[in-house]
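Asks: Structural data only, the sequence is not supplied:
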Ligand SMILES: [Zn+2]
C-alpha cells in the first residue's frame, strides 16, 4: 500500500511547468530567466484603480507578489520587493537610466486616446506610452511585457498592464478585491468577484518570473480563467517547483538549452553582451491572448 501512495505522490510532483522562451515555438530557443540573486523591485502606478475603495488594489497587487516571494524565500535566489509608487506608466526598458518594473491600470484604448494622425502610430512601440493607453487585445485582462536579451534570454525588465479600458460597446473588465461570491453573469460590482485582481496579478507575476502558460487547468499559469475565479491566487506545486529548480538558492539561474557538460559556456554567456544588446519584447496575456512579440527598442 505504501508503494502505491508513493507512486501517486511522485506523479503529482512531476507535473509540468512551461518556461517562456525567446521564441516559444522553438524548443532550441533560450528560455527567459533573471540573473541569479536579482532583487526585482516593482512599482505600482500611483493612480491605482479608482473603482476600488480604500486603496485595496495596492494591497491585492502586493499580495500577489508576496505569494511568489514567500516561495522564493524558501528555496530560490530571487527576491521581489515593492518600491515606492511611481508616476510613470511606460512599458519600457531603459538601460541608461534607473529602470522601473511597473504595474499600471490602463483605462483608455489607444484607438480612443490617440488621434488617428498621431505620429506615435508609426513607431515600434506605438502610442501606448505616450497616451498611457491600452494597445493590446481587448479580450486580454492583463499583459506582462518582458524585455530580454534575444541571445541569452536574460530578462532585464518586466512591466504589467491591467486592462480597465472600455471596448467599443462600453463593456470592460471590472477588477474586484473581495473573496466571494462570484458576481452574476454579465454584471460587475465591487461587492462580488468579477475579475479578481489578485487572481489576475498572481498569474502575471508568473510570466514576469519566466513562466509561460501551463497545460494544467488547475495551475496558476493556466491560460484559461472564468469570471469570479480566485483559485490562481494560490500557487500550484509545479509553479513553486519552477522557482526552486530554475533559481536555486546559492546557484546559477538554470538555462534550458545548454547541456550540463556545457555549463561553463552558460556562465560565460551570462557574463557578457548585456549592455547595448537590443532587447526583444514579449507580451503575455491572460484569457486567450496569444503571445505577441515586437522587434526593436
Ligand atoms: Zn498568461
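Replies: That came through, no problem. No experiment lies behind these values; they were computed from the predicted model shown.

Asks: And the longest helix along the chain, what's buried?
Replies: The longest helix of the chain (DSSP state H) is helix 56-75. Buried residues in helix 56-75, defined by neighbour count with 16 or more other C-beta atoms under 10 Å: 56-58, 60-62, 64-69, 71-72. For the C-beta atoms, the positions are set from N, CA and C on the backbone; glycine is no exception.

Asks: Going by contacts, tell me the helices and strands next to that helix.
Replies: Secondary-structure packing of helix 56-75 (3 or more C-beta pairs under 8 Å, 6 or more residues apart in numbering; DSSP states H and E): strand 39-44, strand 79-82, helix 197-208, helix 237-246.

Asks: Contacts for the longest one, please.
Replies: By C-beta atoms under 8 Å, 6 or more residues apart in numbering, the residues outside helix 197-208 that reach it are 20, 40, 49, 52, 57, 60-61, 63-65, 67-68, 80, 101, 103, 141-144, 146, 158, 160, 162, 175-177, 220-221, 225, 229-233, 235, 239, 284, 286.

Asks: Likewise for the second one?
Replies: Outside strand 79-82, the residues that touch it by C-beta under 8 Å, 6+ apart are 38-44, 62, 65-66, 68-69, 72-73, 205.

Asks: quick one: average pLDDT of it?
Replies: Across strand 79-82, pLDDT averages out at 98.

Asks: centre of the chain versus that strand, how much separation?
Replies: How far strand 79-82 lies from its chain's middle: 14 Å, per C-alpha atoms, centre = their mean, to the nearest Å.

Asks: Can you give me the buried ones in that strand?
Replies: Neighbour-count burial for strand 79-82, counted by 16+ other C-beta under 10 Å, picks out 80, 82.

Asks: Adjacent strands (with direction) for that strand?
Replies: Strand pairing for strand 79-82, determined by DSSP bridges: strand 39-44 (parallel).

Asks: most packed of the helices and strands packed on helix 56-75?
Replies: Per-stretch averages of neighbours, counted by mean count of other C-beta atoms under 10 Å, single out helix 197-208 among those, with a mean of 27.
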